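Peer 1: Everything below, folded, please.
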Amino acid sequence: MKSLHKASRTEVHGKAVVAGARKLTTDTAIIILEKGGNAVDAGVAAAFVAAVIEPMETTLAGSGFMLVGESDGKVHSVEFAPRAPKKAHENMFTIDKGQSVDRGLGISTVINDANVQGALAAGVPATLRGLIDGHSKFGKLPLKDIMYPAICAAYDGFEVDNYYVFEALDNLQALKQNDYASRLFLVDGMPPKPVHLGRATLSQPHVIKQKALAQTLETIAEKGVDYFYGGPLGEQFIETHKALGGIVSINDLRAVKTVIATPRVLDFRGAQIWMPTAPSGAITQLEILNIWQHLYPESVSKDYSVDDVFNFAQVCWHAFADRYYWLGDPDFVPVPEQGLLADDYAKHIAAKILNSKRLPFSVNTEETPWNYFASNAENNPLMFDEQFESADVGWNPAGSTDCAKGTTHISVTDEDGMMVSITHTAANHFGSKVVCEHTGLLLDAAMGWFNAVPNAANSIAGGKRPLANMGPALITKNNAPFAALGAPGGRRIICAVAQIILNLIEKDMSALEAVTAPRVDASGWDLLLSERLVSMVDGFDARGIRTKLVNEQHEGFGYEFARPVVAVRAPSGAEASIDPFSKGFARGIN
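Peer 2: Model prediction:
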């Protein structure tokens, strides 16, 4: 057996702490806190910077969610969810049935990948308004102070790292299709040279400066966000959109509204788990946790057995089967949310699991689960939902598409106990690989979150919200914020966030212990296992479970288990930590 190096990373402690996906975003939040800003000021400033220095993950023309926990225990969800343009329709993409290469998009791949690259893949930009509206409602410092670090980052540029180079290489042909994206993110049509190989410096780091984006941010900081949503900046954005074949209109921009609502909440082991209300990873994460606590009425010991992991995998498989069949935008399709999160339904699924000794689903495993379950209901939550007791809800698509990826996350808690959890995204790596030359804004790929086939719960419709993967969470205990967490990582976010919550609440782990513990993912047919759980493989083989070991400690840029970002308020003070194998960074103020 190969030797494994120890999974370790320094945990930070302090009166206030920050955890983010990059050092500069974390540093930005700390600077804002030191200037007297609160957690929302710090989180929003960091989120703006992240959108500048992580184009491979996110964009200000994308979407996301912010959870705010006030020191008195009140929790709010600031939602700038993805949305299709009004001109979108369920037949706007052509399914490529002959595609033999699966690039992570599922069986029903779209011709030319048009739902994930090119202007037609873009949803309606929401992040700019969402971050600014969230700050206006809950922040303290002037908006100019909050946006200034991102403006500087855009003018001064960011140094590319090896992860950036790998992502640019992986998306090279798509980036080259858009002239401005190619000039901005590539060097003479090729990825920038890697800076380091081990400890040997090969070259000076390439710096990517984004002057047009800096000028856009300066204008918004000076004239307000409406200067984009319906004003001159928005008109320039739409001009580029139309020229490149996009269908977002100026009326789509004018219609963008940030939703500030009371989040979904689940009572779990004496704590309250809060998540966004819009279509996202939230219902699936909460369903996993609710089934788990009915499967195990008493908390499970710190070290899970093979049986425990097998049962957790089954919980996830049931929740994802429900996700792929039942979930969509409730403004457009019937979604039995009450039933999916009902205690009686959780008990029903738990009983199914207790009576199962093997993989619960008898299907052709060559067909992806998001494809199979889009038209095959494994469970029936309608029986547990009063509003759907007599309804005939059924979906019959000819196939499905997998979810895109490309996301960042920031968690902050300040000295007064306020906490914020922000996840925002471009919906795919480098979004749609198209940049608006006038504004410097990278277009997202939100249309890739929809099922590109008609007649499914998550099929495309004009103005509809797709089923996003983002799953930020905020935990309260004893009427006070306890933890803010989230992760980048596509559909793997869901299992990751659920496991971190289990680690924090059920196993009473510290932030560092929670993100360092080996994890699993059961969002597909294969059960992905951390290489540190290799001793369990034989036990799963005996149950007929197909497992894949993930070399998490040797693949520094992988997202098989997502990359959690956590801030916690412990009795001894605040603490923060990030996944030990990621590029993330945590800092504290003493």
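Peer 1: need the contact list for the closest residue to A496 other than its chain neighbours.
Peer 2: Nearest residue to A496 in three dimensions, chain neighbours excluded: A562, at 3.6 Å (C-beta to C-beta, 6 or more residues apart in numbering). Glycine gets a C-beta too; all of them are placed from N, C-alpha and C. By C-beta atoms under 8 Å, 6 or more residues apart in numbering, A562 lies in contact with A487, P488, G489, G490, R492, I493, C495, A496, V497, D521, D579.
Peer 1: And A562, how far from A122?
Peer 2: Per C-beta to C-beta, to the nearest Å, A562 is found 24 Å from A122.
Peer 1: quick revisit: which of the contacts of A562 has the largest number of neighbours?
Peer 2: A487 (36 neighbours; other C-beta atoms under 10 Å).
Peer 1: and that one, what does it touch?
Peer 2: A487 neighbours (C-beta under 8 Å, 6+ apart): 407, 409, 423, 471, 493, 496-497, 500, 562-565, 579.
Peer 1: now I500
Peer 2: Counted by C-beta under 8 Å, 6+ apart, I500 has contacts L485, A487, A514, V515, P564, V566.
Peer 1: ok, 6 Å please
Peer 2: Shown in contact with I500 (C-beta atoms under 6 Å, 6 or more residues apart in numbering): L485, A514, P564.
Peer 1: L504 now?
Peer 2: A483, A514.
Peer 1: doesn't it fall inside a helix?
Peer 2: Yes: the assignment for L504 (DSSP: H, G, I helix; E, B strand; the rest coil) places it in a helix.
Peer 1: Could you tell me how far it is located from E575?
Peer 2: Distance from L504 to E575, by C-beta to C-beta: 11 Å.
Peer 1: In three-state terms, label the most centrally placed residue in the chain for me.
Peer 2: Note on the chain: the residue nearest the mean C-alpha position is M470, at 3.1 Å, using C-alpha atoms, centre = their mean. Three-state call for M470 (three-state DSSP): coil.
Peer 1: Tell me the bridge partners for the residue nearest to P472 when sequence neighbours are not counted.
Peer 2: Nearest non-adjacent residue to P472, counting by C-beta to C-beta, 6+ apart: G486, 3.8 Å away. Beta bridges link G486 to V565, judged by DSSP bridges.
Peer 1: for the stretch 201-350 of the chain, what spans make up the helices?
Peer 2: Listed in chain order, the helices of the stretch 201-350 of the chain (DSSP state H, counting those that start in this stretch) span 211-223, 232-243, 250-254, 282-295, 306-326, 337-340, 343-354.
Peer 1: Where does pLDDT dip in the stretch 51-200 of the chain?
Peer 2: 98-108, 195-200 (pLDDT under 70).
Peer 1: the helices in it, which residues?
Peer 2: Counting by DSSP H, counting those that start in this stretch, the segments of the stretch 51-200 of the chain that form helices are 127-138, 143-156, 162-170, 172-176, 179-185.
Peer 1: What helix or strand is A29 located in?
Peer 2: If you go by DSSP states H and E, A29 is part of helix 23-34.
Peer 1: coming back round to it: of the helices of the stretch 201-350 of the chain, flag the one that's most buried.
Peer 2: Ranked by mean neighbour count under mean count of other C-beta atoms under 10 Å, the helices of the stretch 201-350 of the chain are led by helix 282-295, which reaches a mean of 26.
Peer 1: list the helices and strands it packs on?
Peer 2: strand 264-268, helix 306-326, helix 343-354, helix 492-501 (3 or more C-beta pairs under 6 Å, 6 or more residues apart in numbering; DSSP states H and E).
Peer 1: Nearest to A456, out of those?
Peer 2: Each of the helices and strands packed on helix 282-295 has some distance to A456 by C-beta to C-beta; the shortest is helix 306-326, at 8.3 Å.
Peer 1: what comes into contact with that closest one?
Peer 2: Residues from elsewhere that reach helix 306-326 (C-beta under 6 Å, 6+ apart): 284, 287-288, 291-292, 300, 340, 349, 353, 360, 370, 373-374, 377-379, 495, 522-523, 527, 536, 539.
Peer 1: closest to G73 among the contacts of I500?
Peer 2: Of those, the one sitting nearest to G73 (C-beta to C-beta) turns out to be L485, at 17.4 Å.
Peer 1: Chain neighbours aside, what residue packs nearest to the closest one?
Peer 2: Of all residues not flanking L485 in the chain, V566 sits nearest, at 4.5 Å (C-beta to C-beta, 6+ apart).
Peer 1: So what's the residue count around the one you found?
Peer 2: 34.
Peer 1: thought it was touching L512?
Peer 2: No: contact criterion C-beta atoms under 6 Å: V566 and L512 do not qualify, at 8.7 Å.
Peer 1: Between these two, which contacts overlap?
Peer 2: Jointly contacting V566 and L512 under the rule C-beta under 6 Å, 6+ apart are S577.
Peer 1: Can you list the buried residues in stretch 531-543?
Peer 2: E531, R532, L533, M536, V537, F540, R543 (16 or more other C-beta atoms under 10 Å).
Peer 1: CA atoms only for the helix holding A29, dumped as PDB, please.
Peer 2: This file holds the C-alpha atoms of helix 23-34, laid out as PDB (Å, rounded to 0.1, in the frame of the first residue of the first chain):
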ATOM      1  CA  LYS A  23      -5.400  34.300   0.200                       C
ATOM      2  CA  LEU A  24      -6.300  37.700  -1.300                       C
ATOM      3  CA  THR A  25     -10.000  37.300  -0.600                       C
ATOM      4  CA  THR A  26      -9.300  36.300   3.000                       C
ATOM      5  CA  ASP A  27      -6.800  39.200   3.400                       C
ATOM      6  CA  THR A  28      -9.500  41.600   2.000                       C
ATOM      7  CA  ALA A  29     -12.000  40.500   4.600                       C
ATOM      8  CA  ILE A  30      -9.500  40.900   7.400                       C
ATOM      9  CA  ILE A  31      -8.700  44.500   6.200                       C
ATOM     10  CA  ILE A  32     -12.400  45.400   6.200                       C
ATOM     11  CA  LEU A  33     -12.900  44.000   9.700                       C
ATOM     12  CA  GLU A  34      -9.900  45.900  11.000                       C
END
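Peer 1: I appreciate the help and will end here.
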